[in-house]
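[1] One predicted model, sequence on top.
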Amino acid sequence: MNPTAQAPLNQSRSIERLIEGIATSDGAGVKLTRVLTGKLQRRLDPFLMLDAFGSDDPDDYIAGFPDHPHRGFETITYMLAGRMRHRDSAGHEGLLESGGMQWMTAGRGVIHSEIPEQKDGVMEGFQLWLNLPAKNKMAAPWYRDFASLDIPEYVAEGNVTVRVLAGASNGVAGAITREDTEPLYLDIHLPADAAFSAALPDTHNAFVYVYCGAVKIAGTRVESQRMGILSNAPDVGGVTITAEGEARVILVAGKPLHEPIVQYGPFVMNTQEEIHQALDDMRNGRLA
């Protein structure tokens, strides 16, 4: 296989800030690390939340996420290892397996569950929340499972493997695109001392999360289980990531919506009145 040529960069975005996630639990007691919290929503608009989960102890994940509601945004679940069954009130059902991705648009409202279909072994992955523009917050719910083989990938110079979950990278189109937020979502596997460059529009907010090994970006070291928020300096063109030993990283970028963000738990709208309406709809069975 011939390596895919990388976009040439004269300069890389730098690391503006390093973030250590907060250990917490969600659903019926699933242990996870909340990396992108509400305090970072304006800075990383259009992204609302990033959870990283990973354990080989079934007690940490086996109860899963029983029925719960969402409105006003999209959820992207990327499974590195394990099996999770999805069911929702719009009639969708699917099995998310190792290497696969689930993309769900909650829109005007959906109630869904995510329950592990394994009794032991490693369960590892990410859930990312992507905001919807005001005009689409009450759109019809939508859902799709992407098996591992459905996610395009390529080998770049230095034997770097890049999986393109969303957007496009070095001329390779990803599994999904979105017009308003233009998300880029890459899973990058770097051999020791390898470097990878990705073009990023000046308009986009971006971050990396290292889930194995360590990398350097513009002279700053980003260790495993750390997020690095990338600077928004104009006319830089993108980011170059260099591995210290073998490393694995997700790179996420998106076009900010610049709209008000009002969140109440699983609802993300633009006004308090819309939140009150969502709560009233949930109480009266009108959410989904």
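    Received it, and whenever you're ready, just let me know what you need. Numbering: from 1, shown residues only.
[2] hey, let's count contacts and neighbours off CA atoms from now on
    OK.
[3] Any stretches of the stretch 1-150 of the chain with poor pLDDT?
    1-2, 7-8 (pLDDT under 70).
[4] Could you pull up phi and psi at the residue lying closest to residue 29 once chain neighbours are set aside?
    Leaving aside its chain neighbours, residue 29 sits nearest to residue 63 (6.8 Å; criterion: C-alpha to C-alpha, 6 or more residues apart in numbering). When read as degrees, to the nearest 10, the backbone of residue 63 gives phi -70, psi -20.
[5] burial count for residue 63?
    Around residue 63 there are 15 other residues, counting by other C-alpha atoms under 10 Å.
[6] which ones are touching it?
    Residue 63 is in contact with 27-30, 115-116, counting by C-alpha atoms under 8 Å, 6 or more residues apart in numbering.
[7] Bridge partners for the residue nearest to residue 266 when sequence neighbours are not counted, pull those for me.
    With C-alpha to C-alpha, 6+ apart as the criterion, residue 266 has its nearest non-adjacent residue at 4.9 Å, and that residue is residue 70. Assessed by DSSP bridges, residue 70 has beta-bridge partners residue 110.
[8] didn't residue 70 look like it was pressed against residue 267?
    Yes - applying C-alpha atoms under 8 Å as the test, residue 70 and residue 267 come out as touching, 5.5 Å apart.
[9] okay, the helix or strand harbouring residue 185 in PDB with CA atoms only?
    Of the helices and strands defined by DSSP states H and E, residue 185 is found in strand 184-190. These are the backbone C-alpha positions of strand 184-190, laid out as PDB (Å, rounded to 0.1, in the frame of the first residue of the first chain):
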ATOM      1  CA  LEU A 184     -13.400  16.300  11.800                       C
ATOM      2  CA  TYR A 185     -12.900  13.200  13.900                       C
ATOM      3  CA  LEU A 186      -9.700  11.100  13.400                       C
ATOM      4  CA  ASP A 187      -8.300   8.200  15.200                       C
ATOM      5  CA  ILE A 188      -4.600   8.300  14.600                       C
ATOM      6  CA  HIS A 189      -2.200   5.400  15.300                       C
ATOM      7  CA  LEU A 190       1.500   6.500  15.300                       C
END
